[in-house]
Each structure stands twice: as C-alpha cells, then as structure tokens.
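Participant: Following is a predicted model, sequence given first.
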Amino acid sequence: MGPGGAVDRYPSTGPGSRLSMLRLHHSGVRPVKVLLIGDRGHLFPKVDGASLAERAADRMWLATRHGVDLDVLSDLAPVLRAVQGVFHTWRLWRYDVVLVALGEGLDTARRPRTLARVGDLLTEVIEDAAAATEVVVFGPPAGVSERSRHAAAPEDRLRSAVGRLGSVRVRLRTVDAAEGDLQRSRAWAAALGEEVAAAVHRLDEVDPASTASALRERPDAEPGRQRALDALHVVGRPAEPRLNDLVELARTAFGTEAAEINFIDHDRQWKLAAAGAERIETPRSRSYCSFTVERPGPTVIADATLDPLFRDSPMVEGPDPVRFYAAHPIEAADGHRIGSFCVYDHEPRDVRGLDLSVLRDLALLAQAEITGVDRPPVGGSPVLAGAAGA
C-alpha cells in the first residue's frame, strides 16, 4: 500500500494482543517518536482524501522538521475498558510525546464512563513513559455533544481526570469547534502538530538522560527482542519480490557492491533479501548488523579498518572484505529492533553527503512489508515514492 492509499486494515500488535494499531511515517532525519491514542471512528475516516491521523503526521513534520514515526492505537474504548496492565509490554518509555485524542463522539450515552476512565489511562502512561515525556490530552470544547443540561461539560470532566493526577507532565488542550468535517479534521491535526512541536522544543531544556531518546539508545533486552522477531515468522521464509526489488534499488541508489535485509536470530544473522551477495546465514559474532540492532538510528562505517569497533572483525579481511557499511534498523511493531537494512562495499567510502534519510526510508519500506502494521514513509524522494507504490 503506497502513500495516500486507503487504510483498510487495523492489525493487532501480535498474537493475543488487546491493542490494534497502525504506524505512520514521515521522511526525515532525527525522527520524533509519537504515540497517538484515540478512536478509529475519529482518527481514520477519510475526509477529502486523507484521515485525521495522516494529516496529524504531516503537521508534526511541518512543525518540527524532523522525521516522524507516529504509532496510532485506534481502539480507545477497548483500551479504556482493560486499561490496567494494557501497556505492560508496550514500552511506552520509547515515545517522545504521548497524545490522547478524545473526539466529540466519545461523550455520548453509549459510553458514559469513557471520560471517567481517562485518569486510569493517564496513570498507566505516566508510570511507564520516560521522565521527560509529555502527555497531552485533547478534547472538544465545553458544550460539544453535550446531551444533558445536568451533566458536567466534557472539558470539566477532562480537567477533573487530569487534575486528580497532580502531574506537571500531563496537560489538557481543547480543540475549537469547526464547521464541517474537513475543517474539524484540519483543526485537530493542527493542534496535534503544535503540541508535538512544543514538546520537542522543551526536550532541549531538560536533562538528556531523562528523555525517551536516551532510553532508546539502550540495547534491547535480548529475550524480548527475540520474541518480537519470532512473532513475525519471517526467519526461514523466501524473500518476497518487493523486498528483492528494494535491496536492488538500494544497491543502485548508493552505488555499493551489495545491499541486504538481515535479521539477528539468536546467534546468527539471517538474510531475508540480498542484492550482490548470496543469501547465506552468518554467525552473529561476525555480523555488523548485530551492532546496528543495538542502536535506534543509522550505523555508518566509512572504513572498517580504521574503526576501533570493527577493525579486528574477521569481516574486514579475506577475499571479500567489508570496508564501507551503512545500515538502519528494522523494528517490530512494539519497537524492538529485530534486523537491519544495509548497504556495503569492499572499498572504503567518503561518507560526507551520504543521504541517511533515504536509507531510513528504504528500511521503513521494508518494515512496512514485513510487519503489516507500518505504512510506507511519505515525503521521500521520487524514486522511493515510486518504489512504495509499485
């Protein structure tokens, strides 16, 4: 499904999961990671060709000029019903910002206890999120969808739920009413984008060790990382034509000897797709990609013989040495780094001017094919946009 395609599925995050989600990406470097929790009836209906979630991702990119990784949990009512422990394996600490969007339709007689449960949801989020992560709750202005003059306004109920927490990390923002579906969608998207930009700006003023970015730098715990890989059932299956096309595209775009999609499976590196190389497994101890999955961003080695981490690797010597290497991790839906998209060459490379945003886009295109919950990135180069829609 290419950028702008219809959202026609809401896959769960894994076997037995109670959370249904979709991941939207915007091209760019130093991506900001955002979790948006809301109701699919509010976030995903198409209005004038785009959903609120898609517009929000665009506004976040415009407001921050970062890449955007937006995870959307679109089953708010089930989440609220089963809120205790629902995020136990969700790893909320990896998000820079958490947004809870309570649309107009939630304040109805059909869901009278929805807002009362928001406080429990926020408590769960605060306990698991990074110390510097901000949580913003969005609601309609007072009086919207109010059906009883005896009932408290939605804004008042939200303020009460947020106020009970006594946390400076949680804020409430109401979204002004607008006439027409398109205007409402744009107003909500603008509000979401503004809050993400403000939160990212404030991250520059806090202790770096308290941020989600610092926590993402830690290697994943191996048991959880392996379980995330096993749940995808990707190891051992034949490469799909689209993945073969992607590695060939990467090899051509970067002008390298080879390009691969690899997974770190127990003590081995397993190749799902390769261009310019054989599809053979490699011991993990010899794998450059094993280092890539330990970091959230790209790994670039201009000349392995000069790099203290790799100059003693057996991959540096021999008839087919790997001197230049660049890779971006591939994630499972829960954020575990399970593999990599890499390009490499037998000769060293001047990496000045290397377009790491293209490498990230290629990794995200592969990730979309592999996980089934990721949308291909938007805003990329024409060649990548064409590949996504092929």
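Facilitator: Arrived safely, thanks for sending. Keep in mind the model is a prediction, meaning the values are calculated, not measured.

Participant: Every contact and neighbour count from this point should use C-alpha atoms.
Facilitator: Noted.

Participant: Point to the residue nearest the middle of this structure.
Facilitator: Nearest to the geometric centre of the chain sits D69, at 3.8 Å (Cα atoms, centre = their mean).

Participant: domain parsing for this structure?
Facilitator: 21-216, 222-388 (automatic domain parsing).

Participant: can those go into CSV with extra columns for mean pLDDT?
Facilitator: Below are those laid out as CSV (pLDDT from 0 to 100):
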stretch, mean pLDDT
domain 21-216, 82
domain 222-388, 91
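
Participant: Moving along the chain from the helix or strand harbouring the residue nearest to the centre of the chain, name the first helix or strand you hit.
Facilitator: If you go by DSSP states H and E, D69 is part of strand 68-73. For strand 68-73, the following helix or strand on the C-terminal side (DSSP H and E) is helix 76-81.

Participant: What ranges does the stretch 251-390 of the chain have for its strands?
Facilitator: Along the stretch 251-390 of the chain, counting by DSSP state E, counting those that start in this stretch, strands occupy 258-265, 268-275, 282-283, 299-301, 324-331, 337-345.

Participant: and L354, how many neighbours does it have?
Facilitator: By other Cα atoms under 10 Å, 13 other residues sit near L354.

Participant: my guess is V135 is in a helix, correct?
Facilitator: No: counting by DSSP: H, G, I helix; E, B strand; the rest coil, V135 is located in no helix; its state is strand.

Participant: List the residues that contact it.
Facilitator: 97-100, 126, 169-171 (Cα atoms under 8 Å, 6 or more residues apart in numbering).

Participant: follow-up on the earlier one: could I get the strands of the stretch 251-390 of the chain as TSV with distance to R227?
Facilitator: TSV is the format used below for these (distance: least, Cα to Cα, whole Å):
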stretch	distance to R227
strand 258-265	10
strand 268-275	15
strand 282-283	19
strand 299-301	24
strand 324-331	12
strand 337-345	10
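
Participant: Include distance to L365 and mean neighbour count when you put the ones you listed into a markdown table, please.
Facilitator: Below are the strands of the stretch 251-390 of the chain laid out as a markdown table (distance: least, Cα to Cα, whole Å; neighbours: other Cα atoms under 10 Å):
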| stretch | distance to L365 | mean neighbour count |
| --- | --- | --- |
| strand 258-265 | 11 | 26 |
| strand 268-275 | 13 | 22 |
| strand 282-283 | 24 | 14 |
| strand 299-301 | 18 | 20 |
| strand 324-331 | 10 | 27 |
| strand 337-345 | 10 | 28 |
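
Participant: between those, which gets nearest to R55?
Facilitator: R55 lies closest, by Cα to Cα, to one member of those: strand 324-331, at 23.6 Å.

Participant: Taking strand 258-265 as reference, get the angle to that closest one.
Facilitator: Relative orientation of strand 324-331 and strand 258-265, computed by axes from the mean of the first three to the mean of the last three Cα atoms, to 10 degrees: 50 degrees.

Participant: State the number of residues packed around G236.
Facilitator: Per other Cα under 10 Å, the neighbour tally for G236 reads 9.

Participant: If you could redo that for D307, that was the one I meant.
Facilitator: Using other Cα under 10 Å: D307 sits among 12 other residues.

Participant: give the contact list for the residue nearest to it when sequence neighbours are not counted.
Facilitator: Of all residues not flanking D307 in the chain, I301 sits nearest, at 7.3 Å (Cα to Cα, 6 or more residues apart in numbering). Counting by Cα under 8 Å, 6+ apart, I301 touches 307, 323-326.

Participant: I'd say H328 and S340 touch.
Facilitator: Yes: here H328 reaches S340: they are 5.5 Å apart, a contact under Cα atoms under 8 Å.

Participant: which neighbours do those two share?
Facilitator: Common neighbours of H328 and S340, using Cα under 8 Å, 6+ apart, are 292, 363.

Participant: list the contacts for the closest residue to Y344 other than its chain neighbours?
Facilitator: Nearest non-adjacent residue to Y344, counting by Cα to Cα, 6+ apart: Y325, 4.3 Å away. Residues near Y325 by Cα under 8 Å, 6+ apart: 299-304, 342-345.

Participant: Now tabulate the residues you listed in TSV and tack on distance to P45.
Facilitator: Shown next, in TSV, are the contacts of Y325 (distance: Cα to Cα, whole Å):
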residue	distance to P45
T299	38
V300	40
I301	44
A302	46
D303	49
A304	49
C342	36
V343	38
Y344	42
D345	45
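
Participant: Including distance to T211, could the contacts of I301 go into TSV?
Facilitator: Converted to TSV, the contacts of I301 look like this (distance: Cα to Cα, whole Å):
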residue	distance to T211
D307	29
R323	34
F324	32
Y325	29
A326	26
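
Participant: which among those gets closest to W188?
Facilitator: Out of those, the member with the shortest distance to W188 (by Cα to Cα) is A326, at 38.3 Å.
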